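Trainee: Fold the following.
(one chain, ligands or ions: 3)
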Amino acid sequence: MTDGEEIIRIEGLKAFYATPRGLLKAVNDVSFSINKGESVGIFGESGAGKSSIALAIMGVFNKQAKMFVAARGNEEMKRLWTLKEKAMKKGLTSEEIGEELPGVEGHIWFKGQDLLALDEKEYRKIRGNEITYVPQASRSSMNPYTEIDLQTAEALWAHDEDNILWEREVIRRVLTVLDLVEIADVDIRRKMKPSDFSMGEDQRILIAMALIMNPVLMIADEPTTAVDVGVQQRVMDAIQIVRDKLDISLLLISNDQGLIAQTTDKVGVMSAGYMMEFGKTLTIMKRPGHPFTRAFIMSNPPMHLIRKIREKGLKIRGIPGKVPDMVDLPSGCPFHPRCEYAIDRCREELPEYREVEEEHWVRCHRFEVLPEFEL
Ligand SMILES: Nc1ncnc2c1ncn2[C@@H]1O[C@H](COP(=O)(O)OP(=O)(O)O)[C@@H](O)[C@H]1O
Ligand code: SF4
Ligand SMILES: [Mg+2]
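Mentor: Numbering: from 1, shown residues only. Ligands and ions are numbered 1, 2, ... in the order given. Sure thing, here's the model as predicted:
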């Protein structure tokens, strides 16, 4: 369900960590947008920068990246962050300073304003309210001592600055969202604690918590990773219900290609901090254009593609070679040491991220001359 109105536009996003070995470019020149009611997925190798995009949108990347540096960083890492803070105060970019800096840069346009230009006080009005985040179900993602109805209501109370919400209204909204994600017998079980629920139910309760504010955009990072294979489908179904029944936009970060195929309209594919390909999920899953996407899907295909792959006589196999070192990326295209189609140009020149057909973006020099590939 999408009516074409753009909700969020990420433009030239960079998110770098300062590490003892140098800058780790977790997100590098990433651009994409999400329309109203649209569900966009991001998949790609572990460590490719997917979660860093979520942290940047939530406005917490700099804080998290700095935390380690303040406690255990070396002099150089601290110098870079001091420089970054000065640059931010003056509204200057790395380019204007003449040195690559850690932290976030670029633009995140949301309702006509650039989130990256907001101060913390302004961000707090958006974070957890208009844009919400679903963490992975784990011991630390919920309060083990508090009943789930109170935890689910927490964001409502927190944003009710004028104290105008009636308790009855809060309970009604809590029951509505818990019911939506199909927690059975909510009217009785709402008084139970997280440990009384299965991990799959906890994950769905976390989704309910992210929905209670009626957000414009909900971001879920690996929502099916922490739960058992047996209950993954229930979590997927809950996301599917959210997508069908509510008019919100979703950003789903996941290596679960089944989840991506089932619940997203568009998908971006990441490797080494770069968005290698972005387009309609149906296109990307059926006719992946980028050599990395092809190799990645073939390394861990979703169930529904396995039969097709066998019928076509193709082999399921891991991507040969090593995942690139994010502090010391290969020259040119970061995929070139592992790409079977690489030519000299690929070793020398970073490919541009370009729109090769309507709503289909690819970062590859050789897209037009690659052999046909269809699943
Ligand atoms: N706090 C941190 N400090 C330094 N490097 C980090 C930190 N958090 C993540 N990284 C590194 O940043 C890269 C991207 O991480 P992440 O965004 O979590 O990737 P993904 O979600 O795709 O697995 C990885 O190489 C990871 O090791
Ligand atoms: S630019 Fe070259 S190395 Fe990179 S994916 Fe395309 S063909 Fe492969
Ligand atoms: Mg991650």
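Trainee: for the protein, which spans come out with low pLDDT?
Mentor: The chain contains residues with pLDDT under 70 at 1-3.
Trainee: For it, what lies in contact range of ligand 1?
Mentor: Residues of the chain lying close to ligand 1 (CB under 6 Å from any ligand atom) are 17, 19, 24, 26, 46-52, 64-65, 68, 326. The C-beta positions use only the backbone N, C-alpha and C, and glycine is treated the same way.
Trainee: Relative to D162, which of those is nearest.
Mentor: Q64 (31.4 Å; CB to CB).
Trainee: surely that closest one meets A56?
Mentor: No. Between Q64 and A56 there is no contact under CB atoms under 8 Å: 10.1 Å.
Trainee: These two: which is more packed in?
Mentor: Legend: neighbour count by other CB atoms under 10 Å for Q64 and A56, higher for A56 (27 against 13).
Trainee: mind listing what's buried in the helix or strand encompassing V174?
Mentor: Using DSSP states H and E, V174 falls within helix 167-180. For helix 167-180, a neighbour-count test (16 or more other CB atoms under 10 Å) marks 170, 173-175, 177-178, 180 as buried.
Trainee: and the next element down the chain from it?
Mentor: Next along the chain from helix 167-180, counting by DSSP H and E, comes helix 186-189.
Trainee: domain parsing for this protein?
Mentor: 6-130+216-228+246-369, 139-212 (automatic domain parsing).
Trainee: I'd like the distance from the last one to the chain centre, please.
Mentor: Its chain's average C-alpha position is 23 Å from that of domain 139-212, according to CA atoms, centre = their mean, to the nearest Å.
Trainee: just the first one next, same as before
Mentor: The gap between the average C-alpha position of domain 6-130+216-228+246-369 and the chain average comes to 8 Å, counting by CA atoms, centre = their mean.
Trainee: and that domain, is it in reach of ligand 2?
Mentor: Yes. With CB under 6 Å from any ligand atom as the criterion, ligand 2 is reached by domain 6-130+216-228+246-369 at 291-292, 333, 335-336, 339, 341-342, 346, 351, 364-366.
Trainee: how far does that domain stretch from start to finish?
Mentor: Terminal residues of domain 6-130+216-228+246-369 lie 33 Å apart, using CA to CA, to the nearest Å.
Trainee: re the thing from before, so which elements touch the helix holding V174?
Mentor: helix 148-159, helix 186-189, helix 199-211, helix 229-245 (3 or more CB pairs under 8 Å, 6 or more residues apart in numbering; DSSP states H and E).
Trainee: Leaving out chain neighbours, which residue sits closest to the residue in the chain positioned nearest to ligand 3?
Mentor: Distance from ligand 3 to each residue of the chain (CB to the ion) is smallest for S51, at 3.2 Å. Ranked by CB to CB, 6 or more residues apart in numbering and with sequence neighbours excluded, the top spatial neighbour of S51 is D221, at 5.5 Å.
Trainee: quick revisit: for V269, state which of the residues of domain 6-130+216-228+246-369 next to ligand 2 is nearest.
Mentor: V269 lies nearest to F292 out of these, by CB to CB, at 6.7 Å.
Trainee: Nearest the geometric middle of this structure, what residue?
Mentor: Nearest to the mean C-alpha position of the chain, by CA atoms, centre = their mean, lies I253 at 4.0 Å.
Trainee: hang on, that residue packs against M218?
Mentor: No. Applying CB under 8 Å as the test, I253 and M218 come out as separate, 11.7 Å apart.
Trainee: returning to what we had before: could you list which of the residues of the chain next to ligand 1 belong to helices?
Mentor: 50-52, 64-65, 68 (DSSP state H).
Trainee: What residues does the closest residue to L305 other than its chain neighbours make contact with?
Mentor: Nearest residue to L305, sequence neighbours excluded (CB to CB, 6+ apart): L375, at 5.5 Å. With contact taken as CB atoms under 8 Å, 6 or more residues apart in numbering, L375 is in contact with 285-288, 297, 301, 305, 308-309, 312.
Trainee: redo that, cut-off 10 Å
Mentor: 285-288, 294, 297-298, 301, 304-305, 308-309, 311-312, 314 (CB atoms under 10 Å, 6 or more residues apart in numbering).
Trainee: In helices, which of these appear?
Mentor: Among the contacts of L375, the ones falling in helices (DSSP H) are 285-286, 294, 297-298, 304-305, 308-309, 311.
Trainee: Relative to P215, how far out is D149?
Mentor: With distances taken as CB to CB, to the nearest Å, D149 is found 19 Å from P215.
Trainee: Correct me if wrong: the residue of the chain closest to ligand 3 contacts L251.
Mentor: No. Proximity of S51 to L251 does not meet the contact threshold set by CB atoms under 10 Å, at 11.5 Å.
Trainee: Touching both of these two, which residues are there?
Mentor: 42, 219, 221.
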